[in-house]
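*Asks:* heads up, no residue letters with this:
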């Protein structure tokens, strides 16, 4: 892939426990930070329930819209772990025991512990590529541009290193943050003007509450450090003119 190509991705978080609020999603942040660092821009995130048709429909849309799709959740040993089966149906390929995954899991568990439930984790789309798991033995897998990872945050995080060579990114996105002791309404017009003058740079403002006081962080993002520097100096100009205090966070 040409380094100038914009490379994008979508993240699909699968699981009723996220939608019910019982489990907090931290995987989106972990995946997005990692993808940005290798030059892949996350353009959409969706959280969906463990319903086969919903998974299939969403995957079909995502895989035809984005360069890469990452799913998290639904590849464990229980009855509601249906991601692997749904991916098989999405691509119209057989759902079967993956011999290599079966061997890996069999050697991971003590004799007699590799029961039927755990064997379920070796069922995958036919000829899927394995994503190795250095933490708990059970591998993830990929088919074409769809990469399926577990929902447990620590396990997912440990598997990303092994994926780096499979993902071809564009230029990594750089960012610079300026934190101010102010409110958004005070800087909105000036910030809009800087954004309009620098359309190919992404500028966001995010309120924060720190040490009992309100503040706003301005985040400037671009592949090009020079463009970030230009925006930074334009923002500092209006901050100084308004006598707004810059704070360390």
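*Replies:* Done, it's in. Computed from a predicted model, the values in this text were never measured in an experiment. Residues are numbered from 1 along each chain as shown.

*Asks:* what's the top helix by length along the chain packed up against?
*Replies:* Longest helix in the chain, counting residues (DSSP state H): helix 225-241. Counting contacts by 3 or more C-beta pairs under 8 Å, 6 or more residues apart in numbering; DSSP states H and E, helix 225-241 packs against strand 174-181, helix 184-197, strand 213-222. The C-beta positions use only the backbone N, C-alpha and C, and glycine is treated the same way.

*Asks:* return the most buried member of the ones you listed.
*Replies:* Across these, averaging neighbours per residue (mean count of other C-beta atoms under 10 Å) puts strand 213-222 on top, at a mean of 18.

*Asks:* hmm, who's touching that one?
*Replies:* Residues outside strand 213-222 that contact it (C-beta atoms under 8 Å, 6 or more residues apart in numbering): 173-184, 187, 191, 200-209, 228, 231-232, 235, 247, 249.

*Asks:* rewinding a little: the helices and strands packed on helix 225-241: which one's closest to residue 165?
*Replies:* For those, proximity to residue 165 was assessed by C-beta to C-beta; strand 174-181 is nearest, at 22.6 Å.

*Asks:* just the strands in this structure please.
*Replies:* Counting by DSSP state E, the chain has strands at residues 8-14, 41-48, 68-72, 95-97, 123-125, 129-131, 140-143, 146-149, 174-181, 202-210, 213-222, 245-246.

*Asks:* so the longest helix of the chain versus helix 184-197, what angle?
*Replies:* Helix 225-241 and helix 184-197 meet at an angle of 140 degrees, taking axes from the mean of the first three to the mean of the last three C-alpha atoms, to 10 degrees as the criterion.

*Asks:* give me the distance between residue 140 and residue 68.
*Replies:* 14 Å (C-beta to C-beta, to the nearest Å).

*Asks:* overlap in contacts of these two?
*Replies:* By C-beta under 8 Å, 6+ apart, residue 140 and residue 68 have these common neighbours: residue 147.

*Asks:* those two: who's more crowded?
*Replies:* The residue with more neighbours, out of residue 140 and residue 68, is residue 140; 27 against 23, by other C-beta atoms under 10 Å.

*Asks:* with adjacent residues omitted, what lies nearest to the more buried one?
*Replies:* residue 131 (3.6 Å; C-beta to C-beta, 6 or more residues apart in numbering).

*Asks:* since that was my last question, I'll sign off now.
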